[in-house]
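# got a structure for you, letters missing:
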C-alpha cells in the first residue's frame, strides 16, 4: 500500500461507490436492483432503563447531551465511585478523592493468569484542597485520550495513551502535593528549578519537568510546592542508562493534550494535538510496531527506549502522526479456495437434513444472543446451498430468516425486543431494561457487537437473496449495525463512535457499563471478527462501499489483535514462559490481566476455550487461523480435554474443524461420528469447512 495518509472512509465520492458496486455485481453477483440512496436513520422505540448508571455524575454538561462511550479504555472512571484504576500505557492511573495516582505496575505471574499489580507510586493533589472528596469531571475525550479535571484542585490531567509522561496543567497559582508509598531517598533539581529527580527507596527514579520554575520541598513521604501555574510532566526513568534520561529531557517540552484516529481502507492514522516546543515522544505496543508504515519518514523508532507492559514491550516513537497499515483480507460470501467437487453430494445431504429442522414456531429462545445465533446458523445454510448449487432449499431458509428477523425489526417479538436508550445513546433490549444480567448484560452495553453481529449476518444474507426485503428494512438494519460501527455524529448522531472497537489496542472490548478492577475485557475474538465481517457483508448486500471498507478494515485489525494477544504460540515473547507453557490461547483478555478461565467454563476445558475463539465457522475463519504450525499446537493442546461422553460433543466440532486444516481425512471421520453440534454450528457447515481445505 502507499505510504500517504489514509483516505477518510466516509469522504468517498459517489462515482467511487458506483464503480465499486458495478464491480461487485460483475464479480460476485450482488443484487443490482438495490438503489444507492442515502440511508434514512431509524430509531427503535425509546426504552426507560432502571439499571443504567447516571453519566452526568462524571461527564461535563456539554458532553452529557451526546451519545457516550460504553466500552472505552477509561470506562472505570465514570462508573460507581470512579476510583478503579485504568491502564493508560505505560501507567496505571487511579482517580480518587481529588487526586491522581500513577503506578508503573509490576506483574503477578502464574501458569493460569498474569495480572498487573496497582501500587500508587506517586499520588498528585492540590495542597489545602477545600473539597478533597469532590469527584473528577471528564471535560473531553477522544480515540486516544481523556482529559480529567479535578475542579476544586485547579488541576487538569491530559491522559494520553502511550505517553511516557503523565502531563497535567496547574491553574490559579496552586500549591501541589506529591505523596509516595515508598520513602523518598532523595529529591534533587537542576539550576533552573524546572527539572527534579525523585528517587524512591524501591529504586524507582521519577523525573519531574515543569514549564516554569517550581520550588519543591520534601519529607519522607511527601513533596510539596509553593504556588505554581503551568504544565508539569512526570516520567519514570525505566532504564538507568544515562542516554535514556537524556531522551526524556530532550522530548519533555512537547506534550499531547488529545489524540485522534482516522480510519482508511486497511489503514489507520494517529494524529496528536501537541502543545509546547519540539518533537513528540510516544510509545508503541508490539502490534503498532508491526503495522507502522516502513515508508513513513515522519516517524523515528527509538529501539532503546522501552517500557514494560501487559501487552508486550512498549517502544519509543518520535512523531506527532503515525501511519499504520494492515494487509487487506478477503471478505467473501463463500469459501476462499472453493470446494472439492466430489464432496458436494455429502454436503447436500447434510444440508437437506439441517434445513428440515428449521421451524420458527418451535424456537423457544428469547435471549438476543442465542436467538441471533440461530438466525446466523440458518443464514449459513442459504450460502452453502448457493455455493453447492442446491437452490431447492433456499426458499425455506429465506422464509425462516424472515419469520425470525422481522419481529425484532418490527418490534412485534413480544418476549423481547430492541429499544433505544437516550441516556448513553444506544440499543438496549426489553430483558435488559430492568435487569443487568438480562441478555448477558446487553442492557448495560455488554457484548453488543457479539449479539448484533449475528443479526447483521442474517440480514445481509436475507438481503442478498431478497433485495426487495432488504430495501424495505434497510433503515432498521442500519440502525442495528451503526450501534457498533458508527464513526461519529456526522454519520449518525444517535450512537457513540465505534462502541466496542478500541482504536489504540486495535481490537474490541465487550464489558459494557460494569466496573471491573482489571478494566475492560473480551473473551471471544471470533465473535468480534464476525461482527465486523458481517458489517462488510451487509455493505456488499446493499452496495455500500463505505460499509464494506469499514467492516473489512476493522475485521483485519481484530484478526491481527487476536493473533497477537489471544493466540499463544510456542515462541511467544509477550507473555512470561510460565504462562506460555500451559496455555495456547487466552480465555479472557482484560485491559490489565490475562486469564485462562472463561466466563462459563473452567480453564481445564481447553476444547471450549478453543471453540469460543473459533465460532462461528465462516470463510474468514481461514484467515484467522492461517498459521498452520500454531493450529497444530492448539489442536494438540485442546485434544487433552475433549470429553469422552457423547452428551458434551457440541464443542468438539470446533476442535475437529481446526484439525481439518492440516489433517483433513481424520477430521472428516470425526465430524461424521458426532452426535450433536453447538447451536452456532451445523453438520453441513462443518462438512463445507472441511471440504474447502485445499
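Cool, got the structure. If you're wondering where the values come from, they're calculated on a predicted model, not measured in any experiment.

# what's residue 258 in contact with, if anything?
If you count contacts by C-beta atoms under 8 Å, 6 or more residues apart in numbering, residue 258 has them with 140, 142, 144-145, 147, 158, 160, 272-273. All C-beta atoms are positioned from the backbone trio N, CA, C, and that covers glycine.

# what residues does the strand or helix carrying residue 290 touch?
Using DSSP states H and E, residue 290 sits within helix 286-291. With C-beta under 8 Å, 6+ apart as the test, helix 286-291 has contacts from 268, 301, 311-313, 315, 317, 322, 324-326, 505-506, 560-561, 564, 574.

# Listing request: residues of the protein with sub-threshold pLDDT.
Scanning the chain for pLDDT under 70 picks out 1-40, 645-649, 675-680.

# Nearest residue to the middle of it?
Centroid check for the chain by C-alpha atoms, centre = their mean gives residue 508 as the closest residue, at 1.2 Å.

# tell me the phi and psi of that residue?
Geometry field for residue 508 lists phi and psi as phi -90, psi 160, criterion degrees, to the nearest 10.

# Please verify my assumption that it contacts residue 447.
No. Residue 508 sits out of contact with residue 447 when judged by C-beta atoms under 8 Å, with a separation of 9.9 Å.

# ok, which stretches of the stretch 251-400 of the chain are strands?
Listed in chain order, the strands found in the stretch 251-400 of the chain under DSSP state E, counting those that start in this stretch are 255-264, 267-275, 281-284, 300-307, 314-318, 321-325.

# ok, the longest one: who's next to it in the sheet?
Spelled out, that is strand 255-264. Using DSSP bridges, the neighbouring strands of strand 255-264 in the sheet come out as strand 267-275 (antiparallel).

# Give me the packing partners of the longest helix along the chain, helices and strands only.
Under DSSP state H, the helix in the chain containing the largest number of residues is helix 368-387. Secondary structure elements in contact with helix 368-387, counted by 3 or more C-beta pairs under 8 Å, 6 or more residues apart in numbering; DSSP states H and E, are helix 344-356, helix 394-410, helix 448-465, helix 683-691.

# just how off-centre is the shortest one within its chain?
So the one you mean is helix 683-691. Shown here is helix 683-691, whose average C-alpha point lies 29 Å from the average C-alpha point of the whole chain (C-alpha atoms, centre = their mean, to the nearest Å).

# Next, the angle from it to helix 344-356.
Inter-element angle recorded for helix 683-691 and helix 344-356: 150 degrees (by axes from the mean of the first three to the mean of the last three C-alpha atoms, to 10 degrees).

# and what of the second one?
Relative orientation of helix 394-410 versus helix 344-356 (the same axes, to 10 degrees): 40 degrees.

# name the element the residue of the chain most remote from its centre belongs to?
Relative to the centre of the chain, and counting by C-alpha atoms, centre = their mean, the farthest-placed residue is residue 191 at 46.4 Å. Per DSSP H and E: residue 191 is located in neither a helix nor a strand.

# Equivalent analysis for residue 63, please.
Applying DSSP H and E as the criterion places residue 63 in helix 61-64.

# mind listing what's buried in that helix?
residue 63 (16 or more other C-beta atoms under 10 Å).
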